[in-house]
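In: Starting from these lines, generate the structure:
(one chain, ligands or ions: 1)
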Amino acid sequence: RASLPQLDSAAADRSDEETGGDVIDWDNLGFGLTPTDYMYVMRCAPDQDGGVFSRGELARYGNIELSPSSGVINYGQGLFEGLKAYRAPTNDCSRKGSYMLFRPEENALRMQHGAERMCMPSPSVEQFVHAVKQTVLANRRWVPPQGKGALYIRPLLIGSGPILGLAPAPEYTFLIYAAPVGTYFKEGLSPINLLVEDEIHRAMPGGTGGVKTITNYAPVLKPQMDAKSKGFSDVLYLDAVHRRYIEEASSCNLFIVKGGVVATPATVGTILPGITRKSIIELARDRGYQVEERLVSIDDLIDADEVFCTGTAVVVAPVSTVTHQGQRYEFRTGQDTLSQALYTTLTSIQMGLAEDKKGWTVAI
Ligand code: COI
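Out: Prediction:
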């Protein structure tokens, strides 16, 4: 088992002197890529080190060298994760100057689960969380001021070694980079409009929809671009067998609310087990809602009072309309909705503005 270096205060010292605010406009952060200063890199060659990642290190953010025959480029052997670091409130002396992560060990475990499916070795939970902390500290000048956004952290696990025949790559790279972000959708915090896709499916039973492999994402670009060109925010996919049950959107999970009951598609292998999804289920139950993880049909959706999406990038996004086969359905949005209440509760915990009774946050 690889030993972990101490949290390196030099990582924080390396964060360049000037603040990111000198070069970016914190008030207009979207979800674009602002390159930051450092990335974290750790490698593993199963034949030589028995599938155990050894000590990684920070490197200047920049291009990486890959063989043209690397497993990730040729056969898509790769996973990614997404999590955010928030700047802790400056009026809280005990946390002054620190940063908050949200359930990073859940990302580590999800990566391990995905790695198993994709025949890759994966970092331990401790290695993963340590690397995330190092990346945040080294890029701390890019963590937006409170209320302006977050530092989005993108861990990758890729088959970086060369391979020609279809087989697992001989070497793997775990890499984390980060970028300051604001809201994911161009609508900002305003409600979004979804288009139900009938022909193209995101996942199928026995496939990889339930793990965060890179190969789940490029195939949804076409329907997503088509929907965006028609003014929709994202696409909602139906199951590939019955074409009747809602799965998820390209970038997030989906919830419906009817009376005191909340429902979301069960994670049966075609649904990405979102960490925000899991947290929202718990927070909705805490508010007295009955939460069902089950099949959610298109008819259930149409009949709902309220619809919302969840994800790390998306957070909690209210849905004002869903269009299916040319028919547009409207849902409740605004201050007096469950999604608004859940958004406030979740983000208050994530940003350190509310007491974290669940032990979800990790301060750095
Ligand atoms: C995230 O929410 O972190 C994701 O990975 C979704 C991605 C499409 C931005």
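
In: Tell me how many other residues surround Val143.
Out: 27 (other C-beta atoms under 10 Å). From N, CA and C alone the C-beta is placed, and that goes for glycine too.

In: From Ser279, how far off is it?
Out: Distance, Val143 to Ser279, using C-beta to C-beta, to the nearest Å: 21 Å.

In: same thing with Asp226?
Out: Per C-beta to C-beta, Asp226 is found 32 Å from Ser279.

In: Comparing those two, which shows the higher neighbour count?
Out: Counted by other C-beta under 10 Å, Asp226 and Ser279 do not tie: Ser279 has more neighbours, with 22 against 14.

In: What sits closest to the residue of the chain found nearest the ligand if chain neighbours are left out?
Out: As assessed by C-beta to the nearest ligand atom, the ligand sits closest to Gly82 within the chain, at 2.3 Å. Closest residue to Gly82 apart from its sequence neighbours, by C-beta to C-beta, 6 or more residues apart in numbering: Thr312 at 4.4 Å.

In: For that neighbour, give me its contacts.
Out: Contacts for Thr312 (C-beta atoms under 8 Å, 6 or more residues apart in numbering) come out as 82-84, 152, 274-276.

In: So which bits of stretch 238-257 are buried?
Out: Judged by neighbour count (16 or more other C-beta atoms under 10 Å), stretch 238-257 contains these buried residues: 238-240, 245-257.

In: Name the nearest of those residues relative to Gly182.
Out: Gly182 has its nearest neighbour among the buried residues of stretch 238-257 in Ser251, at 15.1 Å by C-beta to C-beta.

In: List the contacts of the closest one.
Out: Counting by C-beta under 8 Å, 6+ apart, Ser251 has contacts 184, 234, 311, 313-314.

In: Compare those residues and tell me which has the most neighbours.
Out: Neighbour counts for these peak at Asp234, which has 26 neighbours (criterion: other C-beta under 10 Å).

In: Just to check, that one is in contact with Glu187?
Out: No - if you go by C-beta atoms under 8 Å, Asp234 and Glu187 don't touch, sitting 10.3 Å apart.

In: how about the strands in the stretch 51-200 of the chain?
Out: 57-60, 78-80, 83-87, 99-102, 150-159, 172-181, 192-197 (DSSP state E, counting those that start in this stretch).

In: can you tell me which of those comes nearest to Phe31?
Out: Here strand 172-181 is closest among the strands of the stretch 51-200 of the chain (C-beta to C-beta), at 5.1 Å.

In: Could you spell out the sheet neighbours of that closest one, each with its direction?
Out: With DSSP bridges as the test, strand 172-181 is paired with strand 38-44 (antiparallel), strand 150-159 (antiparallel).

In: Return the most buried member of the ones you listed.
Out: For the strands paired with strand 172-181, the largest average neighbour count (mean count of other C-beta atoms under 10 Å) is found in strand 150-159, namely a mean of 24.

In: Run the contact check for it versus the ligand.
Out: No - judged by C-beta under 6 Å from any ligand atom, strand 150-159 makes no contact with the ligand; its nearest approach is 7.1 Å.

In: what angle do that strand and strand 83-87 make?
Out: 150 degrees (axes from the mean of the first three to the mean of the last three C-alpha atoms, to 10 degrees).

In: heads up, I number from 13, so please use that
Out: I'll keep to 13 as the first residue from here, and by that count the last item is strand 162-171.

In: send the alpha carbons of strand 162-171 over as PDB?
Out: What follows is strand 162-171, C-alpha atoms only, in PDB (Å, rounded to 0.1, in the frame of the first residue of the first chain):
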ATOM      1  CA  ALA A 162     -16.600  27.200  -6.700                       C
ATOM      2  CA  LEU A 163     -13.400  25.600  -7.700                       C
ATOM      3  CA  TYR A 164     -14.500  22.700  -9.900                       C
ATOM      4  CA  ILE A 165     -12.200  19.700  -9.400                       C
ATOM      5  CA  ARG A 166     -11.900  17.200 -12.200                       C
ATOM      6  CA  PRO A 167     -10.100  13.900 -11.400                       C
ATOM      7  CA  LEU A 168      -9.400  11.700 -14.300                       C
ATOM      8  CA  LEU A 169      -8.300   8.000 -14.400                       C
ATOM      9  CA  ILE A 170      -7.000   7.000 -17.900                       C
ATOM     10  CA  GLY A 171      -5.400   4.100 -19.600                       C
END
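
In: one step back: now the strands of the stretch 63-212 of the chain as JSON lines including mean pLDDT?
Out: Shown next, in JSON lines, are the strands of the stretch 63-212 of the chain (pLDDT from 0 to 100):
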{"stretch": "strand 69-72", "mean pLDDT": "98"}
{"stretch": "strand 90-92", "mean pLDDT": "98"}
{"stretch": "strand 95-99", "mean pLDDT": "97"}
{"stretch": "strand 111-114", "mean pLDDT": "96"}
{"stretch": "strand 162-171", "mean pLDDT": "98"}
{"stretch": "strand 184-193", "mean pLDDT": "98"}
{"stretch": "strand 204-209", "mean pLDDT": "98"}
